[in-house]
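Chemist: Quick one: sequence and predicted model below, then my questions.
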Amino acid sequence: TTFTTGLGYQLSDQLDFQIDYSNEKKKSNYTYAGGFTDASRYTYENVLATLNYEMNGLSISTGAEAFLGNRDGYGGNIDKDNYAGYLLTQYRHEHHTLKAGYRYERAFYTQAQTPSDTKKAYTLHGAELGYNYLFNQEQSAFINYSRSFQSANIDQLLVYVFPVGGVFSNYLDPMKVDTYTLGYSHINSNNKLKASIFYADLTNEFYYYSGPGGTFDPASKNTNIDESSKYGLELYDAYIFSQHFDLSALYTYTRATIDKELENGEDLSGKALPGVPKHAIKANFNYRPNVNTVISLLQNYRSKAYALNDLENN
């Protein structure tokens with residue numbers, strides 16, 4: 001059950017303010033072999049306030065965000081609270097566009113399942129720097145760097161222990177990603193083409209380690225990959241045949257590798273990251289018989305990938 005509300009106010013022609021709030025409540029009930037159940041109730045609250053300014057090619061967006069999460073279930077009670085502030089600026093001048101941004105966030109965890117180390121806090125820094133050059137009215141190229149992060153959700157801190165159920169396992173260090181992208185776009189009245197190549201350097205990427213005995217093996221748990229990386233390319237094209245027909249397609253090629261990881265005596269370095277297909281295609285064909293109707297045909301394709309627990313790639 002989700003409730004959302006928001007308010008926006010135009011302070012002037014150049015300045016506007018927006019605040020949004022959401023509250024989500026959900027319940028999950030897992031049944032395991034032998035009839036054991038693990039029922040949990042979740043409550044998530046989120047509030048985001050933003051202030052936007054735009055004038056003479058300069059746009060500035062700044063804001064603050066708070067997320068309060070709670071899981072009350074079989075095995076105990078866990079809270080996760082995030083508080084963040086950000087600033088994003090973009091400046092356009094003739095053929096040049098420059099974008100720069102920064103985000104500061106604090107993530108707090110509280111759990112009552114263990115007598116010690118019941119609280120943990122992380123400080124997170126995000127950044128973005130991008131540049132776009134417009135060759136002419138149809139063609140442009142861009143280069144972009146971003147430092148992003150993700151803190152572990154509540155469920156990732158738990159592990160199923162037979163026959164107790166879900167219990168606190170350990171805190172997970174936040175995942176951090178440095179991504180570099182180089183791209184080109186060509187846009188006219190009938191066609192939109194975009195191509196980009198990317199490289200992502202990841203630290204502490206989340207994954208589920210499945211021990212030799214499977215799910216209930218004491219070694220099985222959510223944990224971090226020391227070092228991993230992804231690289232690939234994206235090709236996107238959208239073409240308008242007429243006022244009635246248009247077609248768009250997105251192709252992605254991705255290689256994901258575990259660069260450094262040793263878990264339970266297993267050296268996983270050099271293995272392909274499970275669950276990531278090399279090839280993915282998404283196509284969308286639209287037919288508009290009249291101004292009020294759109295009929296769409298969609299097709300998604302993903303090539304084979306190793307199963308999520310196949311860390312040995314066998």
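Modeler: Sure thing, it's come through.

Chemist: Strands of the stretch 1-150 of the chain, residue ranges please.
Modeler: If DSSP state E, counting those that start in this stretch is used as the criterion, the strands of the stretch 1-150 of the chain fall at 2-10, 15-31, 37-55, 58-73, 76-93, 96-111, 119-134, 139-150.

Chemist: any idea of the angle the second one forms with strand 58-73?
Modeler: Per axes from the mean of the first three to the mean of the last three Cα atoms, to 10 degrees, the angle that strand 15-31 makes with strand 58-73 is 20 degrees.

Chemist: what sits up against stretch 255-275?
Modeler: Residues outside stretch 255-275 that contact it (Cβ atoms under 8 Å, 6 or more residues apart in numbering) are 205, 207, 209, 211, 219, 223, 225-232, 276, 278, 305-313. Using the backbone N, CA and C atoms, a C-beta is placed for each residue, glycine as well.

Chemist: Which residue, neighbours along the chain excluded, lies closest to the residue nearest the centre of the chain?
Modeler: Nearest to the mean C-alpha position of the chain, by Cα atoms, centre = their mean, lies residue 150 at 7.6 Å. Residue nearest to residue 150 in three dimensions, not counting chain neighbours: residue 175, with 4.6 Å by Cβ to Cβ, 6 or more residues apart in numbering.

Chemist: separation between the one you found and residue 100?
Modeler: According to Cβ to Cβ, to the nearest Å, residue 175 stands 23 Å off from residue 100.

Chemist: and the two? which has more neighbours close in?
Modeler: residue 175 (20 against 14; other Cβ atoms under 10 Å).

Chemist: shouldn't that one be in contact with residue 206?
Modeler: Yes. Contact criterion Cβ atoms under 8 Å: residue 175 and residue 206 qualify, at 5.6 Å.

Chemist: Now do the shared contacts for those two.
Modeler: Joint contacts of residue 175 and residue 206 (Cβ under 8 Å, 6+ apart) are 150, 224.

Chemist: and residue 274, which of the three is it?
Modeler: coil (DSSP: H, G, I helix; E, B strand; the rest coil).

Chemist: That one and residue 132, how far apart?
Modeler: Distance of residue 274 to residue 132, computed by Cβ to Cβ: 35 Å.

Chemist: wait, what's in contact with the residue nearest to the centre of the chain?
Modeler: Taking Cβ under 8 Å, 6+ apart, we find residue 150 in contact with 174-175, 206.

Chemist: Tell me who's in contact with residue 111.
Modeler: Residue 111 touches 76-79, 118, 157, 168, counting by Cβ under 8 Å, 6+ apart.

Chemist: filter those residues to the buried ones?
Modeler: 76, 78-79, 157, 168 (16 or more other Cβ atoms under 10 Å).

Chemist: Tell me the one of these nearest residue 185?
Modeler: residue 157 (41.5 Å; Cβ to Cβ).

Chemist: wait, that closest one sits on residue 109?
Modeler: Yes. At 7.1 Å, residue 157 and residue 109 qualify as touching, with contact defined as Cβ under 8 Å.

Chemist: Quickly list what's touching both of the two.
Modeler: Common neighbours of residue 157 and residue 109, counting by Cβ under 8 Å, 6+ apart, are 78, 171.

Chemist: pLDDT weak spots in this protein?
Modeler: Along the chain, the model assigns pLDDT under 70 to residues 33, 75, 162-166, 214-216.

Chemist: 90 - rerun?
Modeler: Low-confidence segments of the chain (pLDDT under 90): 28-40, 73-77, 112-117, 155-170, 208-222, 263-266, 308-312, 314.

Chemist: Need phi/psi at the closest residue to residue 148 other than its chain neighbours.
Modeler: Ranked by Cβ to Cβ, 6+ apart and with sequence neighbours excluded, the top spatial neighbour of residue 148 is residue 177, at 4.9 Å. Per-residue torsions, residue 177: phi -130, psi 130 (degrees, to the nearest 10).

Chemist: what's stretch 68-82 in contact with?
Modeler: With contacts defined as Cβ under 8 Å, 6+ apart, stretch 68-82 is touched by 37-46, 65-67, 105-113, 151, 153-155, 157-158, 164-168.
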